[in-house]
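> Based on what follows, work out the 3D shape:
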Amino acid sequence: MLADDHQIVLEGLRELLQKRFDVVGCATGGEELVALAQEYRPDVVVVDITMPGLDGIEAVGQIRSSGFHPKAVFLTTLEDPKLVLRAFQVGGEHVGYVLKFSACTELLTAIQEVMEGRSYLTPRITGGVLQECVRRSEQLPEGLTGRQVEVLRLISQGKTIKEVASGLEISTRTAEAHKYAMMQQLGIKSCAQLIHFAIREGIVPRTTASNGQEQLSLSPRP
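Sure thing, here's the model as predicted:
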């Protein structure tokens, strides 16, 4: 299944891919992708990130939260390592990330890789992504593990433990264990305090809504 808000891009992708794969549907926005994916249940979604309304990463996250876990290949012009990591965190265990300018030479390979249980990252941005991974590992707050930070970020976004487990492809029991291990380690007694800790540490930054009430941003830790 394909998703891009530019019709000419969708047509080009369909032409490129239908020679080797069954293209079951095309969406021009994130909301449409979620609806079509739940109806047709494709093996792989090839999705642009910057679409109006619900972006590609959020759309894949919603699909996975519903209990359906297609492989995801993100096709974009964006090279930001932070965005790449967010795509991999939300997309699941096997994810592709391809830049549009190299789609003709890399997209088929990326789809094949994720279908065979591997991941694919455009070589051009591998170095930047590795540097960002190192930087994050050196800045984990209060000695938390990387997995604990992932769990904490999703909890702070309002996800239930079941949704956290689904998004990270771990068991509900494991997600609960990470949550309570963090609370014990940090001396925290409630989920509200845990979320306040996430805000303070920049794991989930503060934003201000138009009505003046404090809300949680869904962006990853800078």
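> Sticking with Q185, tell me its helix or strand.
helix 172-186 (DSSP states H and E).
> Need the residue closest to the centroid of the chain.
V90 (2.3 Å; Cα atoms, centre = their mean).
> If we ignore the residues flanking it in sequence, what's nearest that one?
G61 (4.5 Å; Cβ to Cβ, 6 or more residues apart in numbering). Where you see a C-beta, it was placed from the backbone N, CA and C, and this is true even at glycine.
> go on, D4?
D48 (4.2 Å).
> same thing with R153?
Nearest one to R153, counting by Cβ to Cβ, 6+ apart, is I203 at 5.5 Å.
> repeat for M1
Closest to M1 by Cβ to Cβ, 6+ apart is P42, at 4.0 Å.
> what's the burial count for the one you found?
Using other Cβ atoms under 10 Å, P42 has 20 other residues around it.
> Ok, R20 next?
Counted with other Cβ under 10 Å, R20 comes out at 10.
> how does this protein divide into domains?
Per automatic domain parsing, the structural domains of the chain span 2-136, 140-216.
> which stretch in these is the model least sure about?
For the domains of the chain, mean pLDDT drops lowest on domain 140-216, to a mean of 76.
> how far is that one from where the chain is centred?
Between the centre of domain 140-216 and the centre of its host chain there is 16 Å, according to Cα atoms, centre = their mean, to the nearest Å.
> among the domains of the chain, which is the most enclosed?
Sort these by mean neighbour count, taking mean count of other Cβ atoms under 10 Å, and domain 2-136 sits at the top with a mean of 18.
> so how far is that domain from its chain's centroid?
The answer for domain 2-136 is 10 Å, by Cα atoms, centre = their mean.
> which residues touch the residue nearest to D4?
For D48, the contact set (Cβ atoms under 8 Å, 6 or more residues apart in numbering) comprises 3-6, 9, 56, 74-76.
> Now do L194 against E169, distance only.
L194 is 22 Å from E169, where distance means Cβ to Cβ, to the nearest Å.
> what sits against V114?
V114 is in contact with 44, 71-73, 94-96, 120, counting by Cβ under 8 Å, 6+ apart.
> which one among the residues you listed gets closest to K189?
V95 (36.0 Å; Cβ to Cβ).
> For the closest one, list each beta-bridge partner.
When bridges are taken as DSSP bridges, the partners of V95 come out as A72.
> What are the boundaries of the helices in the chain?
For the chain, the helices defined by DSSP state H occupy 7-17, 30-40, 56-65, 81-91, 103-115, 126-138, 146-156, 161-168, 172-186, 191-200.
> just the angle between the fourth one and helix 56-65, please?
Angle, helix 81-91 to helix 56-65, by axes from the mean of the first three to the mean of the last three Cα atoms, to 10 degrees: 20 degrees.
> Fine by me, thanks again.
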